[in-house]
Structure formats: C-alpha cells, structure tokens
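Asks: How does the following fold in three dimensions:
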Amino acid sequence: IAEALTTATRAEDLADAFAWIESTCPSHVAAQAMLQHIRDRALLLHETAMTHRSVPIPSRALNNEVAYMIFLYLQLEFDVRLTGLHSATHLNGRQGVVRG
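Replies: Numbers count the residues shown, from 1 in each chain. I've put the predicted structure just below:
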C-alpha cells in the first residue's frame, strides 16, 4: 500500500490505506485519531472540507505523507531521490534513506 501511495495519486490507493489503518491499529479510537489527522492534513493542503468518514482527495503530497505514517507505524525505511527542485537544483538526483 505504501509503495502504491508513493508512485501514483489514485483514490483507490488512499482508500486502501484508510482500510489498512482501520484494520491494523490496536483500537478503534487510535485508528480514528490517525484517520482524522490525515483528513486535517488534507484540509490544510487542499482547503476542501469533507465528511467525518470520507477519504480525502489524493495528491502526491498527501499520499506521501500517508505512506510515511505507515512506514513509521511499521518501523520501516525507504529510499528517496530528490527531483523537481527549482530553487535548490544542486540537490536534484541526490539519494537518501528515510527511517521510521
């Protein structure tokens, strides 16, 4: 799920992540708190209000953030490569590791 989130911005991938969070968190309260945090971040990114139980509109930024939350939860790490930087072009192509 995390890999799919970082490679595309499909609504199905974000919905799968929401379902995974609901089924994996140790309690319903913990799952709802994490999902509400994601909805709040989506509101900050897109300024679009949504209902309490809905899945936000996917975007590259939101999907990456949700993938990072999954990696943190599972205590995983993943490789990253910087691309598309305009003001710091000397960093384009640099690689690194993000650890959860």
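Asks: any idea which helix or strand carries the residue nearest to Ile38 when sequence neighbours are not counted?
Replies: Take Ile38 and drop its neighbours on the chain: the residue closest to it by C-beta to C-beta, 6 or more residues apart in numbering is Val66, 5.8 Å away. Heads up, the C-betas are built off the backbone N, CA and C, glycines and all. Using DSSP states H and E, Val66 sits in helix 60-74.
Asks: For the next helix or strand after that helix, which strands pair with it and how are they oriented?
Replies: Scanning forward in sequence from helix 60-74 by DSSP H and E, the next helix or strand is strand 77-81. Sheet pairing for strand 77-81, assigned by DSSP bridges, gives strand 95-99 (antiparallel).
Asks: just to revisit the earlier point, wait, the residue nearest to Ile38 touches Ala17, no?
Replies: Yes: using C-beta atoms under 8 Å, Val66 is in contact with Ala17, at 5.1 Å.
Asks: looking at this structure, which residue lies furthest from center?
Replies: Distance from the centre of the chain peaks at His90, with 26.4 Å (C-alpha atoms, centre = their mean).
Asks: ok, now how distant is that residue from Val97?
Replies: Distance of His90 to Val97, computed by C-beta to C-beta, to the nearest Å: 20 Å.
Asks: Got phi/psi on the closest residue to Asn92 other than its chain neighbours?
Replies: Ranked by C-beta to C-beta, 6+ apart and with sequence neighbours excluded, the top spatial neighbour of Asn92 is Leu85, at 5.2 Å. Leu85 adopts backbone torsions of phi -80, psi 130, taken as degrees, to the nearest 10.
Asks: Just confirm Leu85 contacts Leu91, I think it does.
Replies: Yes: using C-beta under 8 Å, Leu85 is in contact with Leu91, at 5.4 Å.
Asks: circling back to that earlier point, report pLDDT for the residue nearest to Asn92.
Replies: Predicted confidence (pLDDT) for Leu85: 86.
Asks: Count the neighbours of it for me.
Replies: 12 (other C-beta atoms under 10 Å).
Asks: other SSEs contacting the lengthiest helix in the chain?
Replies: The single longest helix within the chain, with elements called by DSSP state H, is helix 28-46. Here helix 28-46 touches helix 11-24, helix 60-74, going by 3 or more C-beta pairs under 8 Å, 6 or more residues apart in numbering; DSSP states H and E.
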